[in-house]
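In: Predicted model and sequence follow; I will ask about them next.
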Amino acid sequence: MSDRLSIQTNRADNVNPSEFRMLAQRLKEEHVQMREQLSDIRTLAAALYTLDDCSIGMCRLIELQDGILSLVEELEQHSEWEEQVLFPSLQTYLHPTMAISVSRSMHVLEQDHDLAKRVVQSYVNGVNAMSVPVDMDFVHVMASELLTACLILLKHFTLEEELVYPLINRIMDQIEESASTRSATPPQ
């Protein structure tokens, strides 16, 4: 298995440890930030179940709509960066067999992402179509939609991290090991 996770020798000259480290750091920071936003949205959505006043519930649904749409926009930018920059960089360091496997896994993860977007769209459509006065059943249904979207996104982040973080760590170890070997070898 270590052969399948090793840096490709034909790319060893292209290894830029600081650039790869920055990519890995950005991934982790953005995931932490989006996880915090999801946590805030989940907390506010769950609080809708304890409200007694429908008018407050209506206002909170609108506020939560703004929050989830902002998060989805950030997630879209993040996903685009992953697809265009991070994953191609990651795959250049992997054995072709492992790269194909990772690529397939990422495709499955994107299906979760798409499902979450559809659930968010259902929530947005519901909030946009609500008519005054709203009842608590409607508020609860919308809270449920939003909580479902949050859980799908949390699952997406967790699965992506379980797949990508160990690869990144392994690649960083290989890069550092390769750099140490090169610096320890006297020039000929």
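Out: Thanks, I have the structure now.
In: Tell me which stretches of the chain form strands.
Out: With DSSP state E as the criterion, the chain has no strands.
In: elements contacting the longest helix seen in it?
Out: Among all segments of the chain classified by DSSP state H, the helix with the greatest residue count is helix 136-184. Judged by 3 or more Cβ pairs under 8 Å, 6 or more residues apart in numbering; DSSP states H and E, helix 136-184 is in contact with helix 17-47, helix 54-81, helix 87-92, helix 96-129. The way it works is simple: take the backbone N, C-alpha and C, and place the C-beta from them, glycine included.
In: Quick one: list the elements packing against the shortest one.
Out: Think helix 87-92. Under the contact criterion of 3+ Cβ pairs under 8 Å, 6+ apart, helix 87-92 touches helix 17-47, helix 96-129, helix 136-184.
In: buried set for the first one?
Out: Translated: helix 17-47. Buried residues in helix 17-47, counted by 16 or more other Cβ atoms under 10 Å: 20, 23-24, 27, 30-31, 34, 37-38, 41-42, 44-45.
In: Now Ser40: closest residue in space that isn't a chain neighbour?
Out: Check again: residue 40 is Asp, not Ser. Excluding the flanking residues, the one nearest Asp40 by Cβ to Cβ, 6 or more residues apart in numbering is Gly67, at 7.3 Å.
In: meant to ask about Leu159
Out: Leu109 (5.7 Å).
In: So what's the residue count around that neighbour?
Out: Residues within reach of Leu109, counting by other Cβ atoms under 10 Å, total 19.
In: what separates Met142 from Met98, distance-wise?
Out: Noted for Met142: a distance of 43 Å to Met98, by Cβ to Cβ, to the nearest Å.
In: More neighbours: the two, which one.
Out: For the pair Met142 and Met98, the greater number of neighbours falls to Met142 (25 against 18), based on other Cβ under 10 Å.
In: Val124 is in contact with the more buried one, correct?
Out: No: look at Met142 against Val124 with Cβ atoms under 8 Å: they stay out of range, at 9.9 Å.
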